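Trainee: build me a model:
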Amino acid sequence: MHDIINHTKTLIFRKQKDILSSVIILSSMMVLSRFLGLVRNRTFATFFSKEELDLLIAAYRLPDFVFEVLVTGALSSAFIPIFIQYKKNPKELSVKISSIVNLLTLMLFVFMLLSFIFADVIIRIITPGFTPSQIKEVTYIARIYLISQMPFFVFGNILSGIAQANRIFMLTALAPLIYTIGVIGGTVFLSHSFWLYGPVIGTVAGAFLFFFIQLPILHIAHFHYSPFVFERKVLREFFTLFLPRTFSVLTSQIEQTIDLSLATLVGAGSVTVVNFAQRLQLFPVAFVGMAFGQASLPYISSLYKDHNIDAIRKLFVDSILQLVYLSVPLGIFFIFARTPIVRIAYGGRMFDWEATVLTASTLSYFGLSIPFHSIFYFVTRAFYAAHDTKTPLYINLFSIFVNVLLSVLFIIFLHMPVWSLGISFSFAITLNVILQLAAYYRKVEGFHLTKLIHHSIKIYLAGFLAALPSYTALKVFDELLIDTSRSINVFLLLLCVFIIYGIGYLFFSWLFNIEEVYILGKLLRKIKILRRQVEEPVTQAS
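Mentor: Next comes the predicted model:
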């Protein structure tokens, strides 16, 4: 038993040595997290109607706005690079990181207090299509989130930042799983008695566990927290990196809030439809793009620290092509298999056929953005690694303006359905990535652009050709061979079509001599190594 505990601790706190092994861990855990997220949403669709879920989703907009502005920008653009910069000197590191943590804590409570006081006014503004009784309910739930969930989530993510700076990814990847399990548990066991407040209670409990299980990171990382420390030099450095990214996150959150407001004007249930479609679109993006971007930041930061520009150019192009190779087939699959995907994800008893069809249509338009959305996270962090947060900020501001402009045009002036929000998002994120690639090309004084374009075209062609027989098989199986009135049969249909599509994609990859196909071999070898690490405690115990 002692050996099992020791080896388990070694596995959880092991420092990763390269991007690919880090990506495998993060991708695996993100897939599990997103899968649990789908289970959570299907649970929501089982216990609540789409009109009731509108209230729950709208209530989370205000606390999520505060969290994203306060923490997301700080961690990726400032906290992790500064931690890496000073981690060779533990004493200096503790002072500087404590100063940042103390500042974030002070900002947290100021934002919490202001948001709590003015919650009623804010909710009334961002949900113009809701009735007074709906606004009252949303405001009450939002205030619970602010004072109960927010502190645990902020401090838990600070611990995650410390772990990522030390290339410890396993524990930080496990924490979101525990959080989601808490939400699911609250929904299943408390909704009958407490209605929408069942998942609210589960969310607060999950946030506490998210923070609590990451506390050992403070010991493993040799970081000693000191309260009431505010070193001016590091805080100036922090703000230099933090503020541009914060403005970028702020505008992004304003964009999402405007989308929420527009969805409330379209009709009842539209908030849920957009939210569910976006979460499905984020499933492959998290599996590929978010994991890759999150894992790459420490490595690219180290290359910039060593001024190894040639290695950065090669890593940049190779990484993007690997992202394209993995994300393009997923994006195409989510487009042509949209309806059975929605049925599997949200086929609860309270989610009717009208909601299913509308969500599927919305998903297909969001699906267009999956490859570029996956690349977005890596390219943005490549700028952060170079301590350049201004360039992504300016580009994000412009693309967000384009998204908002198109969304308002589609909903307010052209009176288009809610799926038009997917069109505006996909166009804006594609434009964003193209502009960031052009800016990074100038920043590193060129990279292998011809290779990037040529290989990407071949990958898109392979994905499109593989989709033709797969879509035909989907229609034949659905109408002639498989009774899709039951969820298990819908799952079997998706599985069969996905296997056909995967085989076709690999065949055309081989036919077109797409060299990125060999990343699958590297992934399998890494997975075998990690699997042996996981199985080692059990084997030794036996």
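
Trainee: name the SS class of the spatially closest residue to Phe194 that is not a sequence neighbour, please.
Mentor: Of all residues not flanking Phe194 in the chain, Ile201 sits nearest, at 6.7 Å (C-beta to C-beta, 6 or more residues apart in numbering). The C-beta positions use only the backbone N, C-alpha and C, and glycine is treated the same way. Counting by DSSP: H, G, I helix; E, B strand; the rest coil, the backbone at Ile201 sits in helix.

Trainee: got the contact list for Leu56?
Mentor: 44, 48, 141, 196, 199-200 (C-beta atoms under 8 Å, 6 or more residues apart in numbering).

Trainee: which two from the residues you listed end up farthest apart in space?
Mentor: Spatially, the most separated pair among those is Phe44 and Ile141, at 13.8 Å (C-beta to C-beta).

Trainee: for Phe276, what are its contacts?
Mentor: Going by C-beta under 8 Å, 6+ apart, Phe276 touches 41, 342, 345-346, 359.

Trainee: Ala45 now?
Mentor: Taking C-beta under 8 Å, 6+ apart, we find Ala45 in contact with 53, 346-351.

Trainee: which of these lies closest to Tyr225?
Mentor: Ranked by distance to Tyr225 (C-beta to C-beta), these are led by Leu53 at 39.1 Å.

Trainee: list the contacts of the closest one.
Mentor: Shown in contact with Leu53 (C-beta under 8 Å, 6+ apart): 44-45, 269, 271-272, 275.

Trainee: just Gly129 next, same as before
Mentor: Taking C-beta under 8 Å, 6+ apart, we find Gly129 in contact with 261, 263-267.

Trainee: recalculate using a threshold of 7 Å.
Mentor: Gly129 is in contact with 264-265, counting by C-beta atoms under 7 Å, 6 or more residues apart in numbering.

Trainee: and for Ile459?
Mentor: Taking C-beta under 7 Å, 6+ apart, we find Ile459 in contact with 324-325, 328, 514, 516.

Trainee: for the residues you listed, pick the one with the most neighbours.
Mentor: Tyr325 (26 neighbours; other C-beta atoms under 10 Å).

Trainee: so which elements touch the one helix or strand Leu260 maps to?
Mentor: Using DSSP states H and E, Leu260 sits within helix 232-266. Contacts defined by 3 or more C-beta pairs under 7 Å, 6 or more residues apart in numbering; DSSP states H and E place helix 232-266 against helix 50-67, helix 73-74, helix 80-86, helix 90-117, helix 119-126, helix 270-285, helix 390-408.

Trainee: turn these into TSV, columns for mean pLDDT and distance to Phe425.
Mentor: Output for those, formatted as TSV (pLDDT from 0 to 100; distance: least, C-beta to C-beta, whole Å):
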stretch	mean pLDDT	distance to Phe425
helix 50-67	92	17
helix 73-74	63	20
helix 80-86	76	27
helix 90-117	86	26
helix 119-126	94	18
helix 270-285	91	8
helix 390-408	91	6
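
Trainee: Ile482: neighbouring residues, count only.
Mentor: Using other C-beta under 10 Å, Ile482 is surrounded by 15 other residues.

Trainee: shouldn't it be in contact with Asn489?
Mentor: Yes. Contact criterion C-beta atoms under 7 Å: Ile482 and Asn489 qualify, at 5.2 Å.

Trainee: just the ones of the contacts of Phe276 in helices?
Mentor: Within the contacts of Phe276, residues falling in helices by DSSP state H are 41, 342, 345-346, 359.

Trainee: buried among these? Make that a ChimeraX selection.
Mentor: Restricted to buried positions by 16 or more other C-beta atoms under 10 Å, the ChimeraX selection for the ones in helices among the contacts of Phe276 reads:
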select :41,342,345,346,359
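
Trainee: which of the ones in helices among the contacts of Phe276 lies closest to Phe287?
Mentor: For the ones in helices among the contacts of Phe276, the minimum distance to Phe287 (C-beta to C-beta) is 14.6 Å, reached by Ala345.

Trainee: I'd say Ser470 and Ile499 touch.
Mentor: No. Using C-beta under 7 Å, Ser470 makes no contact with Ile499, being 9.3 Å away.

Trainee: settle it for me: which of the two has more neighbours?
Mentor: Ser470 (24 against 12).

Trainee: can you tell me the closest non-neighbouring residue to the more buried one?
Mentor: In space, Ser470 is closest to Tyr501, 3.9 Å off (C-beta to C-beta, 6+ apart).

Trainee: how near is that neighbour to Leu474?
Mentor: Separation of Tyr501 from Leu474 (C-beta to C-beta, to the nearest Å): 9 Å.

Trainee: neighbour count: these two, which is higher?
Mentor: Each of Tyr501 and Leu474 has its neighbours counted (other C-beta under 10 Å); Tyr501 has more, 25 against 22.

Trainee: list the contacts of that one.
Mentor: Going by C-beta under 7 Å, 6+ apart, Tyr501 touches 329, 333, 466-467, 470.

Trainee: circling back to that earlier point, quick check, nearest of the contacts of Ala45 to Val188?
Mentor: Distances from Val188 to those, taken by C-beta to C-beta, are shortest for Gly348, at 11.9 Å.

Trainee: the closest one touches Asn41, doesn't it?
Mentor: No. Look at Gly348 against Asn41 with C-beta under 7 Å: they stay out of range, at 8.6 Å.

Trainee: now the angle from the helix or strand containing Arg313 to helix 270-285?
Mentor: Secondary structure from DSSP H and E places Arg313 in helix 309-336. Angle of helix 309-336 versus helix 270-285, following axes from the mean of the first three to the mean of the last three C-alpha atoms, to 10 degrees, is 130 degrees.

Trainee: and helix 309-336, what does it pack onto?
Mentor: Judged by 3+ C-beta pairs under 7 Å, 6+ apart, the packing partners of helix 309-336 are helix 270-285, helix 291-305, helix 353-367, helix 370-385, helix 449-476, helix 487-511.

Trainee: can you flag the weakest of those by average pLDDT?
Mentor: Least confidently modelled of the helices and strands packed on helix 309-336 is helix 291-305, at a mean of 69 by mean pLDDT.

Trainee: okay, now the unreliable bits of the stretch 151-300 of the chain?
Mentor: Low-confidence segments of the stretch 151-300 of the chain (pLDDT under 70): 167-169, 221-222, 291, 293-299.

Trainee: repeat the analysis, applying 50 as the threshold.
Mentor: Within the stretch 151-300 of the chain, the set of residues satisfying pLDDT under 50 is empty.

Trainee: can you tell me how far the residue nearest the centre of the chain sits from Asn403?
Mentor: Geometric centre of the chain, nearest residue: Ala286, 4.9 Å, by C-alpha atoms, centre = their mean. Distance of Ala286 to Asn403, given as C-beta to C-beta: 20 Å.

Trainee: I'm done for today, thanks for sticking with me.
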